[in-house]
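A.B. asks: need coordinates for the below:
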Amino acid sequence: MHLGLFLIPFLSAFIGWFTLWLAIKMLFRPRNSIRVLGFSLQGIFPKRQKQIAESVAKMVNEEFFSLDFIEQKIADPAALEKIMPVIEEHIDHFLRVKLAKKMPIVSMFIGDKTINEMKSVFMDELGELFPVIMKNYVGSLKEQIDIEGMVTKKLGNFAPEKLELIVYQGLSKELRLLGLFGAMIGFLIGLVQLLMVWLI
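C.D. replies: Okay, the predicted model is just below:
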């Protein structure tokens, strides 16, 4: 058997690595459409950026950051219970300090018992009023803010070279392993080819 044939697995390994490297590069490049042998060639992300942006924006709006979800969280009684001590502290400060400064004559006739009763009334009223106010507020936000549209616009205008840089920086280890995997598969294919040549 000719010694040059033993290069087949190594050539196949290089081809396997190069094919995966090229496939990854073609996710982002060429950034602008070019003609090659009569075919139009452009990177997948630059070519489909608008469609990708719309799909991601829809998913973000439906799954991760919908105003309906925010409304549910804000109107949740458990959320209200967490902020009630802060509200109560402010009301207490208002009745004991600010009211005394603004209306000193009235504050002279209000003792601790009256302040505690007034505070209790205010807290009960706020407990009923707060969820209604927040629902109305989020309802007005829904008319003003289009999350899906905002995300679509941002991703649609996102520079492909920035995304490429983010992907390469964030997935550098995985991309190297992918390249090694391609080389290994290529090497195994080369061994099979070498074996077939030897048997023939």
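
A.B. asks: going by C-alpha atoms from here, please, whenever you check contacts or count neighbours.
C.D. replies: Will do.

A.B. asks: which parts of the protein are strands?
C.D. replies: Ranges of strands within the chain are 34-36, 39-41, based on DSSP state E.

A.B. asks: point out the most buried one among these.
C.D. replies: Using mean count of other CA atoms under 10 Å, the stretch among the strands of the chain with the greatest mean number of neighbours is strand 39-41 (a mean of 12).

A.B. asks: okay if I get the strands of the chain as TSV plus distance to Gln169 and mean pLDDT?
C.D. replies: Converted to TSV, the strands of the chain look like this (distance: least, CA to CA, whole Å; pLDDT from 0 to 100):
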stretch	distance to Gln169	mean pLDDT
strand 34-36	27	85
strand 39-41	25	85
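
A.B. asks: to Val167, which of the ones you listed lies closest?
C.D. replies: Put simply, out of the strands of the chain the one that sits nearest Val167 is strand 39-41, at 21.3 Å, with distance taken as CA to CA.

A.B. asks: ok, residues contacting the helix-or-strand element of the chain with minimal mean pLDDT?
C.D. replies: Ranked by mean pLDDT, DSSP states H and E, the helix or strand of the chain with the weakest confidence is helix 67-75, at a mean of 73. Contacts made with helix 67-75 from outside it, assessed by CA atoms under 8 Å, 6 or more residues apart in numbering, are listed as Ala79, Leu80, Phe130, Pro131, Val132, Met134, Lys135, Val138, Leu141, Lys142.

A.B. asks: helices - which of the residues you listed land there?
C.D. replies: When helices are assigned by DSSP state H, the members of the contacts of helix 67-75 inside them are Ala79, Leu80, Phe130, Pro131, Val132, Met134, Lys135, Val138, Leu141, Lys142.
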